[in-house]
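[1] Model the structure of this input:
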Amino acid sequence: MCELEEKECNIKREEANALRNDCQQELDKVLPLLAAAGEALDKIGRDDMVQLKSFTNPPPAAAIVMEGVCYTFNED
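    Reported below is the predicted structural model:
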């Protein structure tokens, strides 16, 4: 009985380790992108914001950037 439970636990542990490794690999891919996005946010200045405010219908790229900025600062 104990041997069977031990085998089942070992299988579950291996599955959990595989999942953890997959998650870590995905995280390793995303972290550099997050750092680059943070650096890009640091470069947004007052003039950039004034220009964005001047658009009555912003280009799609500007809308996407502003959506990201709002998400970053938890604004709706």
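[2] only C-alpha atoms for contact and neighbour calcs from this point on.
    Will do.
[3] For Ala37, grab the count of nearby residues.
    Neighbour count of Ala37, defined by other Cα atoms under 10 Å: 15.
[4] Check which helix or strand it maps to.
    helix 2-42 (DSSP states H and E).
[5] what distance separates that helix from the middle of the whole chain?
    Offset of helix 2-42 from its chain centre (Cα atoms, centre = their mean, to the nearest Å): 15 Å.
[6] Sort out which residues of the one helix or strand in the chain whose mean pLDDT sits lowest are buried, please.
    The helix or strand of the chain with the lowest confidence, counting by mean pLDDT, DSSP states H and E, is helix 60-72 at a mean of 83. Across helix 60-72, burial judged by 16 or more other Cα atoms under 10 Å covers Val69.
[7] tell me the domain ranges of the chain?
    Structural domains assigned to the chain are 1-43, 45-76, following automatic domain parsing.
[8] ranking those domains by mean pLDDT, which is last?
    Of all those, mean pLDDT reaches its minimum on domain 45-76 (a mean of 83).
[9] Outside of stretch 34-52 itself, list whatever touches it.
    If you take Cα atoms under 8 Å, 6 or more residues apart in numbering as the criterion, stretch 34-52 is touched by Pro58, Ala62, Val69.
[10] what's the straight distance from one end of stretch 50-70 to the other?
    16 Å (Cα to Cα, to the nearest Å).
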